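Enquirer: Below are the sequence and a predicted model; questions follow.
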Amino acid sequence: MARKEKEAKKKQKITEVKEIRLSPNIDDNDMNTKANMARKFITKGDKVKVTLRFRGREMAHTASSKVILDEFFAKLEDIAVIEKPAKLEGRNMTMILAEKR
C-alpha cells in the first residue's frame, strides 16, 4: 500500500501559481512583455495570478482600470481561461488565469 502511494506521488503534477504585477498606467510594450511571460508560464502548466496594484491617487480610478486586466486576458485568450474573475481586494485587483483544457 505504501509503495503504491509513493508511486502515485511520483506521477502527480504540482501546479504552481506564478504572479505577474501590473500598474494602472502600464504602456503597450510593457503589457506585451508581461503577457509573453504569462503565456510561457501557462504553457508550462502553471496558473498565473495577475495583480494590478494601485498606489495613492490611483485608487480613485479603480473602475476604469479593470479594462487593463480585460486587455491582458484578451492577449492570452487563445490558451487561457479565467479561473477567478477580477476582484478588488484592498489596494490590489487580482484575477487568476489557468490553461484551457
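Expert: Received, thanks.
Enquirer: Now do the helices for this protein: every range, in order, please.
Expert: 2-11, 28-44, 62-75 (DSSP state H).
Enquirer: Enumerate every residue touching the closest residue to Lys100 other than its chain neighbours.
Expert: Counting by Cβ to Cβ, 6 or more residues apart in numbering, Lys100 lies nearest to Val81, which is 5.3 Å off, once chain neighbours are set aside. C-beta: built from backbone N, CA, C; applies to glycine. Taking Cβ atoms under 8 Å, 6 or more residues apart in numbering, we find Val81 in contact with 97-100.
Enquirer: top of these by neighbour count?
Expert: Among the contacts of Val81, the one with the most neighbours (other Cβ atoms under 10 Å) is Leu97, at 26 neighbours.
Enquirer: what's the spacing between Glu16 and Pro85?
Expert: 21 Å (Cβ to Cβ, to the nearest Å).
Enquirer: bridging residues for Lys84?
Expert: Ile96 (DSSP bridges).
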